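Chemist: sequence first, then the predicted structure:
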Amino acid sequence: AQSVTQPDIHITVSEGASLELRCNYSYGATPYLFWYVQSPGQGLQLLLKYFSGDTLVQGIKGFEAEFKRSQSSFNLRKPSVHWSDAAEYFCAVGAREYGNKLVFGAGTILRVKS
Amino acid sequence: SQTIHQWPATLVQPVGSPLSLECTVEGTSNPNLYWYRQAAGRGLQLLFYSVGIGQISSEVPQNLSASRPQDRQFILSSKKLLLSDSGFYLCAWSVSPETQYFGPGTRLLVL
């Protein structure tokens, strides 16, 4: 069965520090990979996506993610975190073989301390 | 550009009452449409998805139903709400099968 694991439920970083949020997946097909961000009480906003090609993808708000097939990972990074980045982050995986559906991780809540 | 609307934004309903949540998409044709539920402190659970008018796929057996009366309209309903139906309901659309875009959500509290 397809699954997505975000090992960290909460992460706290200082403003200006670097950030890495982990995502691992188990999928029986070539995956499409996504990161979404959700501010409290809001919908999900797409940060970036990977379909094929260059394994390092750039997204909005200064985020990037790297697809590592050998590790089944798609970790999200940002070199310098801003207080406005505090939110919940979701990794999601899909595949053409599995139709129109995405499988989401449980989310990682990011807290930024000043 | 495409936009997605959900209403109401917040809803408080008594147990046993009916429910109707509406989602509409603008700026695109024949989208795939999705209903998710997000319970407090938990991830997203796909409830229903639709690839066309009148075509609904249910992901989990439950107290809810969905309908798609028009190309860009997706409705989530219940005849009798349960306490466990409380949560944050998100509608999403996609035109490529993979990339989904989400609405602002409806917060439902069943008392």
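Modeler: Here it is on my side, so go on.
Chemist: secondary structure class for the spatially closest residue to B:Trp7 that is not a sequence neighbour?
Modeler: Nearest non-adjacent residue to B:Trp7, counting by C-beta to C-beta, 6 or more residues apart in numbering or on different chains: B:Glu22, 5.7 Å away. Backbone N, C-alpha and C define where each C-beta goes, glycine included. Assigned by DSSP: H, G, I helix; E, B strand; the rest coil, the conformation of B:Glu22 is strand.
Chemist: so for B:Glu22, what's the pLDDT?
Modeler: The score at B:Glu22 is 98. That number is its pLDDT.
Chemist: and if you look at B:Pro61?
Modeler: 69.
Chemist: what segments of the chain are strands?
Modeler: Going with chain A. A:3-5, A:10-14, A:19-21, A:24-26, A:32-38, A:44-50, A:56-58, A:64-68, A:73-78, A:87-94, A:103-104, A:108-113 (DSSP state E).
Chemist: sorry, I should have been clearer: chain B.
Modeler: B:3-7, B:10-13, B:19-26, B:32-38, B:44-52, B:55-58, B:65-70, B:73-78, B:87-94, B:101-102, B:106-110.
Chemist: so what's A:Gln45 closest to, chain neighbours aside?
Modeler: A:Val37 (5.2 Å).
Chemist: next one: A:Gln42
Modeler: B:Pro104 (6.3 Å).
Chemist: residues contacting A:Glu88?
Modeler: Applying C-beta atoms under 8 Å, 6 or more residues apart in numbering or on different chains, we find A:Glu88 in contact with A:Val37, A:Gln38, A:Ser39, A:Pro40, A:Gly107, A:Thr108, A:Ile109, A:Leu110.
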